[in-house]
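Novice: Compute the structure for the input listed below.
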Amino acid sequence: MAQRKPKKLVRYRRPLNLNVGMIIFAIIFVYLTFSVSAYLRREKVQFYEVVEGGIVNDKSYTGLILREEAIRYTDRPGYINFYLREGKRASVGTRIYSLDETGGLKDLLKDSPEGEKAISSENLADLKKQLNSFVLSFKDDNFSTLYDSRYNLEAAVMEYASFSALDQLDKLASQAGLSFEQVTSDISGVVSYGFDGYEGKKPEDVEEKDFDRTNYSKKINQSGARIDSNKEAYKIITSENWSIVFPLSDEDRELYNGKNTLKVRFTDYSMTVPGSYSTYTGKDGKTYGRLDFSKYLEQFISDRFVNFEIVTDQTTGLKIPISAVTEKSFYLIPVEYMTQGGDSSDPGFNKEVYDANGTSVVFVPTTIYSSDDEYYYVDLGDSAEFKAGDYVVKPQSTERYQIGRTASLKGVYNINKGYTVFKQIEIKDSNNEYYTVTRGMKYGLSVYDHIVLDASLVHEGQILYQ
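Specialist: From the prediction side, this is the model:
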């Protein structure tokens with residue numbers, strides 16, 4: 001029996017059937033992927049809503065306080081006790097301090113029935129006020145003021161606690177066998193117990209190094225401490241008039257030029273007062289500002305350096321970011337060439353056109369970006385109505401004007417309509433971040449307009465989606 005030959009198997013290949021739906025889906029997928037990627041990579045155009053406001057250009061300074069200060073010295077050694085607190089006004093004959101050789105006076109006052117009398121509610125309220133004022137004005141970078149306030153409070157407590165015992169002091173000291181000297185003021189003025197070497201300095205003696213606080217030191221006499229002979233006991237300010245001197249830059253001199261009075265805000269004391277302003281040349285030949293006052297001497301009696309701001313008049317208008325401002329060039333067309341076409345109330349110009357039939361004049365509606373007494377400002381972009389070399393004809397006349405002269409304007413891109421439109425601005429004031437611009441300009445901005453935050457990212461007529 002003959003054997004059967006094995007059959008040869010041939011693999012069947014399916015024909016390639018392209019599905020139209022899959023092709024369309026792939027195309028859409030690639031397009032969406034590209035669009036999303038391009039959107040994520042491109043820089044986003046942000047907008048800013050125009051608001052009404054102004055820019056405050058208050059400038060901060062640190063000034064040096066100068067007064068008419070007379071120092072009084074001790075004529076013998078001993079333990080000193082003060083009866084007037086820092087900043088208290090003394091008249092001629094007022095008891096300022098006492099000196100005793102043994103130091104027993106302080107203990108005598110403490111142990112006597114008169115010295116044990118409680119501080120009155122009025123005096124206690126004054127001490128609380130001093131503490132509150134210190135807490136509100138204290139700053140970590142000026143820690144030395146803590147000691148000044150401590151000594152001032154100690155002097156105040158000494159004054160309030162011992163004042164009632166002064167009338168009996170001679171009798172009590174005699175009974176205790178104490179010998180001491182009571183010192184009274186020979187002139188009237190405000191008393192201070194701090195000494196820093198600036199006493200007697202005049203404005204014309206000031207130089208730049210005087211404002212360096214690195215090596216500044218202040219000595220304050222403390223009640224109950226021992227003091228040597230011929231040492232500073234206290235000083236008395238003999239005049240209500242006092243001054244603040246401070247360095248001036250060229251910009252500052254220009255800013256305050258012609259002004260005799262400036263509004264001064266003392267940041268540590270939450271008070272604003274007017275000061276008489278002048279400039280002068282210091283010992284080092286540099287120009288300094290000077291503010292003179294006739295009030296509030298006691299308020300600053302413990303200060304030699306003071307932080308303050310000069311308050312300038314606030315310019316009001318529309319407030320816009322500096323980044324939104326750009327500059328654009330325009331064609332200039334004389335105002336007498338403006339007309340209106342037919343039944344339309346839109347402004348425009350009569351333009352000369354040329355064709356096979358010759359020369360004719362057609363009315364071209366035109367967007368006006370700005371105007372002055374002589375010219376209208378019109379667009380000179382690629383899609384503008386006019387090109388350099390075009391002629392416009394004056395209404396009711398044969399006079400022609402050839403377009404070509406240009407000028408630039410500062411402005412922003414308004415996007416209220418979904419695309420960018422240049423709007424002129426007039427800058428009134430500025431700081432590092434914002435401009436204050438004139439409100440109510442004919443071709444300008446209004447409150448709540450939306451403008452491009454960064455003008456460098458767009459161009460005229462660009463469609464945007466907010």
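
Novice: in which helix or strand would I find Gly285?
Specialist: Using DSSP states H and E, Gly285 falls within no helix or strand.

Novice: For burial, what's the neighbour tally of it?
Specialist: 7 (other CB atoms under 10 Å). For glycine as for every other residue, the C-beta is placed from the backbone atoms N, C-alpha and C.

Novice: Likewise for the one 3 residues further on?
Specialist: Tyr288 has 24 neighbouring residues, counting by other CB under 10 Å.

Novice: Just the buried residues of the helix or strand where it lies, please?
Specialist: Per DSSP H and E, Tyr288 falls inside strand 287-293. By 16 or more other CB atoms under 10 Å, the buried positions in strand 287-293 come out as Tyr288, Gly289, Arg290, Leu291, Asp292, Phe293.

Novice: outside of that strand, which residues touch it?
Specialist: 61, 63, 203, 206, 241-248, 252-253, 256, 262, 264, 273, 275-282 (CB atoms under 8 Å, 6 or more residues apart in numbering).

Novice: go with 7 Å
Specialist: 203, 206, 241-248, 253, 262, 264, 273, 275-282 (CB atoms under 7 Å, 6 or more residues apart in numbering).

Novice: go on, stretch 346-363?
Specialist: So stretch 346-363 is in contact with 333, 337-342, 364-366, 368, 386, 390-393, 395, 400, going by CB under 7 Å, 6+ apart.

Novice: one more time with 10 Å, if that's ok
Specialist: The contact list for stretch 346-363 (CB atoms under 10 Å, 6 or more residues apart in numbering) reads 333-334, 337-342, 344, 364-368, 371, 376, 378, 385-386, 390-395, 397, 400-403.

Novice: which residue is nearest the middle of this structure?
Specialist: Asp58 (4.5 Å; CA atoms, centre = their mean).

Novice: mind listing what that one touches?
Specialist: Lys263, Arg265, Thr267, Phe308, Glu309, Ile310, Val311, Thr312, Gln314.

Novice: Torsion angles phi and psi at the third one?
Specialist: Here the main-chain torsion angles of Thr267 (degrees, to the nearest 10) amount to phi -70, psi -30.

Novice: And for it, nearest residue in space, chain neighbours not counted?
Specialist: Asn307 (5.2 Å; CB to CB, 6 or more residues apart in numbering).

Novice: try the first one
Specialist: Take Lys263 and drop its neighbours on the chain: the residue closest to it by CB to CB, 6+ apart is Val311, 4.2 Å away.

Novice: Wait, the one you found touches Asn57, no?
Specialist: Yes: judged on CB atoms under 10 Å, Val311 makes contact with Asn57 at a distance of 9.4 Å.

Novice: any low-confidence regions in the stretch 151-300 of the chain?
Specialist: Counting by pLDDT under 70, the stretch 151-300 of the chain shows low-confidence ranges at 151-179.

Novice: From Glu374, how far off is Leu332?
Specialist: With distances taken as CB to CB, to the nearest Å, Leu332 is found 8 Å from Glu374.

Novice: Could you list which of the contacts of stretch 346-363 belong to strands?
Specialist: 333-334, 339-340, 364-365, 368, 371, 376, 378, 391-393, 400-402 (DSSP state E).

Novice: neighbouring strands for the longest strand that the chain contains, and are they parallel or not?
Specialist: If you go by DSSP E, the chain has its longest strand at strand 271-281. With DSSP bridges as the test, strand 271-281 is paired with strand 261-266 (antiparallel), strand 287-293 (antiparallel).

Novice: Show me what the shortest one is in contact with.
Specialist: Contacts made with strand 261-266 from outside it, assessed by CB under 10 Å, 6+ apart, are listed as 58, 60-61, 63, 137, 244, 256, 271-277, 289, 291-293, 296, 299-300, 303, 306-313.

Novice: Which parts of this protein are helices?
Specialist: Ranges of helices in the chain, per DSSP state H, are 20-41, 104-111, 121-137, 145-162, 166-176, 250-255.

Novice: Now the longest one: average pLDDT?
Specialist: Right, helix 20-41. The average of the pLDDT scores along helix 20-41 is 75.

Novice: CA atoms of it as CSV?
Specialist: Extracted C-alpha coordinates of helix 20-41, given in CSV (Å, rounded to 0.1, in the frame of the first residue of the first chain):
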residue,chain,number,x,y,z
VAL,A,20,-10.5,55.2,9.1
GLY,A,21,-11.8,55.8,12.6
MET,A,22,-8.5,54.8,14.2
ILE,A,23,-6.6,57.1,11.8
ILE,A,24,-8.8,60.1,12.7
PHE,A,25,-8.4,59.3,16.4
ALA,A,26,-4.6,59.1,16.1
ILE,A,27,-4.5,62.4,14.3
ILE,A,28,-6.7,64.0,17.0
PHE,A,29,-4.5,62.5,19.7
VAL,A,30,-1.3,63.9,18.2
TYR,A,31,-2.9,67.3,17.7
LEU,A,32,-4.1,67.5,21.3
THR,A,33,-0.8,66.3,22.7
PHE,A,34,1.0,69.0,20.7
SER,A,35,-1.5,71.7,21.7
VAL,A,36,-1.3,70.8,25.4
SER,A,37,2.5,70.7,25.3
ALA,A,38,2.7,74.0,23.5
TYR,A,39,0.2,75.6,26.0
LEU,A,40,2.2,74.4,29.0
ARG,A,41,5.5,75.6,27.6
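
Novice: In terms of secondary structure, what does that helix contact?
Specialist: Here helix 20-41 touches no other helix or strand, going by 3 or more CB pairs under 10 Å, 6 or more residues apart in numbering; DSSP states H and E.

Novice: With adjacent residues omitted, what lies nearest to Leu332?
Specialist: Using CB to CB, 6+ apart, the closest residue to Leu332 is Tyr375 (4.1 Å).

Novice: Kindly report the same for Val335.
Specialist: That would be Tyr376: by CB to CB, 6+ apart, it lies 6.0 Å from Val335.

Novice: so how far is Ile227 from the spatially closest residue to Asn432 that is not a sequence neighbour?
Specialist: Sequence neighbours aside, Ile322 is the residue nearest to Asn432 in space, at 7.8 Å (criterion: CB to CB, 6+ apart). According to CB to CB, Ile322 and Ile227 sit 60 Å apart.
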